[in-house]
Structure formats: C-alpha cells, structure tokens
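# quick one, what's the 3D model for this:
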Amino acid sequence: MRVVTIEQLKSVLGGLPDNPRVVASGNFATPKVILGALDEALPSYRLHMLNAQGDIPDREGVTYETTFVGPAMRNHPRLKYIPCRLSLVPVLYRDHYAPDVVLLHTSARRHDTVSLGTEVNVLPAAIEAARERGGLVIAQANPNMPYTYGDAQIYEHEIDFLVEVDEPLPAHTAGALDDTSRQIGELIAARVQDASTLQLGIGAVPDAVLASLTQRKGMRIWTEMFSDGVLELNKRGALDPDVPITASFLFGSQELYDWVHMNRRIRMLRTEKTNAPGEIARQARMTSVNAAMQVDLFDQANASRVNGQIYSGFGGSTDFIVGSLHSRGGQSFMALASWHKKADVSTIVSRICEPVTSFQHSWVATENGLAQCFGRSQNEQARNIIEHAAHPSVRDELRDAAGQMGLM
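Predicted coordinates:
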C-alpha cells in the first residue's frame, strides 16, 4: 500500500483503461474525496454503487450501474439497473461485472489494517474481483469512520493506494413516529417472542417495531443493516449479551457510531454471509420485517417499481423472507400502510400489475391488522388480506375481484 496525496492519485488514475468500471462504497459511506479525484481524472467511466446517496458525479461520460437504486441515481437517464438479490451481487462481480477500480471509505489506519466501518456489504467481494484481474483498490482513510470488526477489517496489502482525509460522516436521527407506523409496529411486535432473532432496516415501521420490543429479553440481531433502534434495545437490556450483533452495514446517529467503534460485540460481515438464506435459516426464531408499496390477494409484493419504472430493487428482502420461513419458529412480515396518501389509492390490490419483488410471507401487516398468509390456502390468504389488511373502503371491491378470480 502506498499513501498518496490527491494530486498523486489523479496521475495514477490517468493510466486506467478507457471507460473503466468503478465500484464505490454505497449507502451513506460515499468516498467523496477520492471519487471526486477520479471524476476529474477520467473522461468517462461506469460508476457502480449500491443505494447511492447525496451528491455524486453527474455529467456526460458518467454512466450509473446498480443493483439497488438510491436517490442519487433514481430516474436518471444514464442509469443501468441490474436486477439481482443482494446476496448474489458478489457473483455478479466475480462473473459478469468485474470492477477495474474499487473506491473505499475506511477508518484511519490501525496497525496494518483499516476498517470498512459502517459499510461492508458487497465491498470485500469487489476487492477480491478487482485484485484477481489486476484492478486497483483505493481507500480514503477517515478518522471519523468507526473501526468495526469481522469482514470489515482490510489489510494494507489488499489496498494499492490510500489517501488520508478528515470529513464528517452523514448521520441520521429518527423523527417522531406517525400513527400508522406506530400501529403497524405494535401489531408486529406483539407477534415477536423473547429470544427471537431480528432483521429490521431503517424507517418508521422498523423503528416502531423496535420501540415496542424494549421489554423483551434475549433478543438477537442478524440483519442486513441496523440503526439506533438496536442501540436502544441494548440500553434496555433486551439483547442477548452472549450473541454478537451481526450486520453488513449501518446508518444512524453519532452516538451509534461511537457505540460500534472498536466494539467486539458488533460483527460486520460481507453480504454473502449475512444474506445467505441458509445462514439466516439457522437463526433462532428468525423474524424479518420488510416493506412494500403494494400487496395483492395472492400475497405477492411489489417493493421496487413505480409506474413500471425501477424505484429501488430486490435488495435483501427476498433473502431474508426465504431464510426466515425456513427458520424453526421463524416468520416474515411484509409491512405497509393500507392507503397511499399521496397517490390516494389502496396499496392492497386484487392483482399486482408491476413486476413482483417477493411472495409468500408469513404475515401482511397494515395499520388495520395482521393477515396470516403462509400455511393458508389461496382462498384463505385472499380472505385474510381483505378482512385484516385492506383499507375498509376497498374491501367490497376486493371481495368482488376475489370472486371473479375464484378466490372466494
């Protein structure tokens, strides 16, 4: 590994092949300094990021690639969306979309390592794919990035060039919960037993679920990502102190970052481990909570498209739904408000017209109740979704549609 300045890095980047593929830390760990240097050095390149946030280079010559669309790439004319479950993205890097350059946002150096900190995810696989083909691995080392363990630790010999920076990390503080999210969260939490394993993301419903679980005991975390709700469970003594908190990335407050820094209870693993359905299925009473934009009477969910256009992607929801259903005592919840206020339409529909993101969940959860799906006949599924999840104003319409489809 060679420590360089930004100007020295630009001269190195100038020797790259035409239109290289650049994999950069995604979510809320964008390596802004070295990504900016690369953008100045290269006339054209393919920028591959997961759930890209904030300001990223946007000009002619920059093509976006992703398997999960974030706000920074959404509805962009130069976006190339690649459908893929999160657990299989490492296979893409190995066999189909090998990176020429990997840009990392890491902690400051510690002995002969740095840490990927808040964002492990698909990056170890990207590093391996790049090094196997002679690509470059470049890190910006930031003292504000917490040092986390597990697959987050990267040795100096795995990095070609390192630039030292000092910039704040994006932080998030959860706002007040709305009534609908609180109702959904309380309904889900009531079905969660002590000593269950949780997969919850960021957002109002996950926050509401976690807020309702603070009196539980022996809870475990095996999740794609987590935020401050898990820290609150820890403060309340709800977590099993003997079981590591396992995740692949995280985002939250500065207090959360301070807590995970050098904390050996936090085990940050690569996504092909955290999201492997077989590993998920091994977890005790594995409970997954995911969100959708629409659910139909066949218990099919659309969580990725709006009006036919890609909005996000599969992400890890399909991995955790499958793994949870295979876990002894496990269950998967698909959560959504029964009415979309902005579009002024029901989110429970007779049949989804968009491509399906997932299907066959244990429960569909709305503010109106819990509709049990797995283990029920298709007619019982439809009836439960109508009577317990759908908004009351559309239940008659859905009953008629179900009758026409032979579901009543």
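# beta partners of the residue nearest to Thr106 when sequence neighbours are not counted?
Counting by Cβ to Cβ, 6 or more residues apart in numbering, Thr106 lies nearest to Val114, which is 3.9 Å off, once chain neighbours are set aside. C-beta here means a position set from N, CA and C on the backbone, and glycine is covered the same way. Beta bridges link Val114 to Ile154, judged by DSSP bridges.
# can you map out the strands along the stretch 151-300 of the chain?
With strands called from DSSP state E, counting those that start in this stretch, the stretch 151-300 of the chain shows them at 153-155, 161-164, 197-199, 220-221, 225-226, 245-247, 249-250, 266-268, 286-291, 294-296, 300-302.
# got the contact list for the second one?
Yep, that's strand 161-164 we're talking about. 1-6, 9, 12, 33-34, 37, 108-109, 114, 136-141, 156 (Cβ atoms under 8 Å, 6 or more residues apart in numbering).
# about what we covered before: can I get the strands of the stretch 151-300 of the chain in JSON lines with mean neighbour count and distance to Leu103?
Shown next, in JSON lines, are the strands of the stretch 151-300 of the chain (neighbours: other Cβ atoms under 10 Å; distance: least, Cβ to Cβ, whole Å):
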{"stretch": "strand 153-155", "mean neighbour count": "18", "distance to Leu103": "13"}
{"stretch": "strand 161-164", "mean neighbour count": "18", "distance to Leu103": "10"}
{"stretch": "strand 197-199", "mean neighbour count": "27", "distance to Leu103": "28"}
{"stretch": "strand 220-221", "mean neighbour count": "22", "distance to Leu103": "29"}
{"stretch": "strand 225-226", "mean neighbour count": "26", "distance to Leu103": "20"}
{"stretch": "strand 245-247", "mean neighbour count": "23", "distance to Leu103": "22"}
{"stretch": "strand 249-250", "mean neighbour count": "28", "distance to Leu103": "16"}
{"stretch": "strand 266-268", "mean neighbour count": "24", "distance to Leu103": "19"}
{"stretch": "strand 286-291", "mean neighbour count": "27", "distance to Leu103": "29"}
{"stretch": "strand 294-296", "mean neighbour count": "25", "distance to Leu103": "36"}
{"stretch": "strand 300-302", "mean neighbour count": "23", "distance to Leu103": "33"}
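# tell me the spacing between the residue nearest to Thr106 and Pro143.
11 Å (Cβ to Cβ, to the nearest Å).
# low-confidence stretches in this protein?
Scanning the chain for pLDDT under 70 picks out no residues.
# and the helices in it?
Listed in chain order, the helices of the chain (DSSP state H) span 6-13, 32-41, 89-95, 123-132, 179-189, 204-211, 228-235, 254-260, 271-274, 277-281, 317-326, 378-384, 395-404.
# dump those helices to TSV, plus distance to Pro71 and mean neighbour count.
As requested, the helices of the chain are exported to TSV (distance: least, Cβ to Cβ, whole Å; neighbours: other Cβ atoms under 10 Å):
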stretch	distance to Pro71	mean neighbour count
helix 6-13	26	16
helix 32-41	16	19
helix 89-95	19	18
helix 123-132	20	22
helix 179-189	20	20
helix 204-211	17	24
helix 228-235	21	20
helix 254-260	21	17
helix 271-274	21	23
helix 277-281	28	18
helix 317-326	19	24
helix 378-384	34	19
helix 395-404	33	16
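# re earlier: neighbour count winner among Val114 and Pro143?
Val114 (28 against 13; other Cβ atoms under 10 Å).
# can you tell me which residues contact that one?
Contacts of Val114 (Cβ under 8 Å, 6+ apart): 104, 106-108, 139, 141, 153-154, 156, 159, 162.
# please apply the same query to Ser324.
199, 280-281, 286-288, 330-332, 362.
# adding distance to Gly54, write these out as JSON lines.
Shown next, in JSON lines, are these (distance: Cβ to Cβ, whole Å):
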{"residue": "Gln199", "distance to Gly54": "26"}
{"residue": "Ile280", "distance to Gly54": "30"}
{"residue": "Ala281", "distance to Gly54": "36"}
{"residue": "Met286", "distance to Gly54": "33"}
{"residue": "Thr287", "distance to Gly54": "32"}
{"residue": "Ser288", "distance to Gly54": "28"}
{"residue": "Gly330", "distance to Gly54": "36"}
{"residue": "Gln331", "distance to Gly54": "35"}
{"residue": "Ser332", "distance to Gly54": "31"}
{"residue": "Ser362", "distance to Gly54": "36"}
